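Engineer: next input, structure requested:
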Amino acid sequence: MNVRRSAAAAAATAMLLVAAVPAAHAADEPTPNSSADLPSGLYGDKDPKFDGVFRQSYALLAQDTVGVRPAQKAVDWLTGQQCDSGGFAAYRADPSEACDAKTQVDSNSTAAAVQALSALGGQNGTVKKAVGWLKSVQNQDGGWGYNPGLPSDANSTGIVVGALVAAGQKPADVKSQQGKTAHDALTKLALPCGKGEDGAFGLADMKTGKLAANADATAAGVLGSLDRGLVVKPGSKSAQPAKCAEPKDAAQAAKNGASYLAAQLAENDHLTSAMPGSEDQPDYGNTADAVVALSAAGLQDQAKQSTEWLRKHSAKWAKDNGPAAYAQLIFAAHAVGANPKDFGATDLVRSLGATGPAPQQEDAAAEKKKDDDSGLNPLWIVGVFFIASVGFGFLLSGRNKKNQL
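Structural biologist: As a prediction, this is how the structure comes out:
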């Protein structure tokens, strides 16, 4: 799973109906004829049909996390994708056209946009409408599915919880008509201990609907159960993985899930994935997500070890997969206190910025350089004025002395 919850796979899952939102290889999606076909404010040069809003939100949130102010047109592109209902679809090629019943508005795109726009600030109206839409499509069990009407899944519920928190909401106060909250849904999506699943959060099988342990779902489930978003501050101490116990509440479900992730990472410091007919491959995206979840749960030691593995091995994966991948690595680095500008052979901040419009700070720097190159540097002007003033002073002094003779 290269980019977390790529909507390409999510859309396919929605068509087949199960409550799952798996990730897919975004790089495998068809691309437009040229990057010139894409909006100038959009990050990434691949077809945004299935992940435009998602990757844009990740890119903007990651830049904000490292103190970079995104280009205004990048923010405007994202806000322009919102439907009148408040929800966001994965991508709308023509935002001037009103959303209708055929517009596939989804919880993941909307929740990612809320987290990004809340962090950036100045978008209260957009955020309020989006949160209102998310509340309107909450399932009766307290959770969310990818699209309205789909059963709740840990991935969608987890990212929505992060959006609620980012927008200043208390997830415990957001209840369905039956009085259920996201914590109620996540507890039901947590698997029991034993049988090799050891308290992971489950992802539903497309054919049977049965939950099976899934690292991506577990990372999202842990964050949601802890009321945390995509950006997690590093902890000062590291706890030990907890012993798996019956997940009677969200707090225990989070402990179980974090311990499951730590155990999965312990052998090689990274997760693996396999496509049908192929050998196991390193799963960079889910490893990055697991790092964030482990840090949120206080398991800093394993989180740091896995971040170090990512630092050494993720450069090509990030380059191939673009803005969302760079953002995931930035979130992971931030969660353990690592420097995203010195991440192995990659400056994640610069590399992310290169996939879209130049951030506002870079715009300002470019303007300053332009002024410097024009020969009208203010310091140069002051210097010339000072020299001229001194020379003029000597001239006056000489004239005064001559007049006194």
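Engineer: wait, what's in contact with residue 342?
Structural biologist: By CB atoms under 8 Å, 6 or more residues apart in numbering, the contact list for residue 342 is empty. All C-beta spots, glycine's among them, are computed from the backbone N, C-alpha and C.
Engineer: from memory residue 356 sits against residue 77, does it?
Structural biologist: No: if you go by CB atoms under 8 Å, residue 356 and residue 77 don't touch, sitting 9.3 Å apart.
Engineer: need the overlap of contacts for those two.
Structural biologist: 41-42.
Engineer: of these two, who's got more company?
Structural biologist: For the pair residue 356 and residue 77, the greater number of neighbours falls to residue 356 (26 against 22), based on other CB atoms under 10 Å.
Engineer: now do the contacts for the more buried one.
Structural biologist: Counting by CB under 8 Å, 6+ apart, the residues that residue 356 touches are 41-44, 59, 71, 74, 323.
Engineer: got a PyMOL select line for the buried ones in the residues you listed?
Structural biologist: Burial among the contacts of residue 356 is assessed by 16 or more other CB atoms under 10 Å; the matching PyMOL selection reads:
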select buried, resi 41+42+43+44+59+71+74+323
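Engineer: most widely separated two among the contacts of residue 356?
Structural biologist: The span of the contacts of residue 356, defined through CB to CB, is set by 44 and 71 at 14.1 Å.
Engineer: please, which helix or strand holds the residue nearest to the spatial centre of the chain?
Structural biologist: The chain has residue 58 as the residue nearest its centroid, 3.3 Å off, counting by CA atoms, centre = their mean. Applying DSSP states H and E as the criterion places residue 58 in helix 52-65.
Engineer: so what's residue 41 closest to, chain neighbours aside?
Structural biologist: Using CB to CB, 6 or more residues apart in numbering and skipping the chain neighbours, the partner closest in space to residue 41 is residue 77 (3.4 Å).
Engineer: contact partners for the one you found?
Structural biologist: 39, 41-42, 56.
Engineer: tell me where the chain has strands.
Structural biologist: Along the chain, the stretches classed as strands by DSSP state E are 88-89, 105-106, 202-204, 211-213, 271-273, 281-283.
Engineer: of all these, which one comes closest to residue 121?
Structural biologist: Between residue 121 and the strands of the chain, the shortest separation by CB to CB is 18.4 Å, and it involves strand 88-89.
Engineer: ok, and what's touching the closest one?
Structural biologist: Contacts of strand 88-89 (CB under 8 Å, 6+ apart): 53, 81-83, 99, 103-106, 109-110, 113, 130.
Engineer: equivalent analysis for stretch 315-327, please.
Structural biologist: Contacts to stretch 315-327, defined as CB under 8 Å, 6+ apart, come from residues 2-4, 26-27, 43-46, 51, 54-56, 58-59, 61-62, 282, 284-285, 314, 329, 344-346, 348, 351-352, 355-356.
Engineer: tell me the buried residues in that stretch?
Structural biologist: 315, 317-318, 321-327.
Engineer: from those residues, which ones fall inside helices?
Structural biologist: Of the positions in the buried residues of stretch 315-327, 315, 317-318, 321, 323-327 sit in helices, assigned by DSSP state H.
Engineer: now these in CSV, with distance to residue 270?
Structural biologist: Shown next, in CSV, are these (distance: CB to CB, whole Å):
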residue, distance to residue 270
315, 14
317, 11
318, 14
321, 16
323, 22
324, 18
325, 15
326, 18
327, 18
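Engineer: wait, which of these is closest to residue 151?
Structural biologist: The closest of those to residue 151 turns out to be residue 324 (CB to CB; 25.2 Å).
Engineer: what's the distance between that closest one and residue 42?
Structural biologist: Look at residue 324 and residue 42: by CB to CB, to the nearest Å, they are 12 Å apart.
Engineer: what does residue 140 give?
Structural biologist: Counting by CB to CB, the gap from residue 140 to residue 42 is 36 Å.
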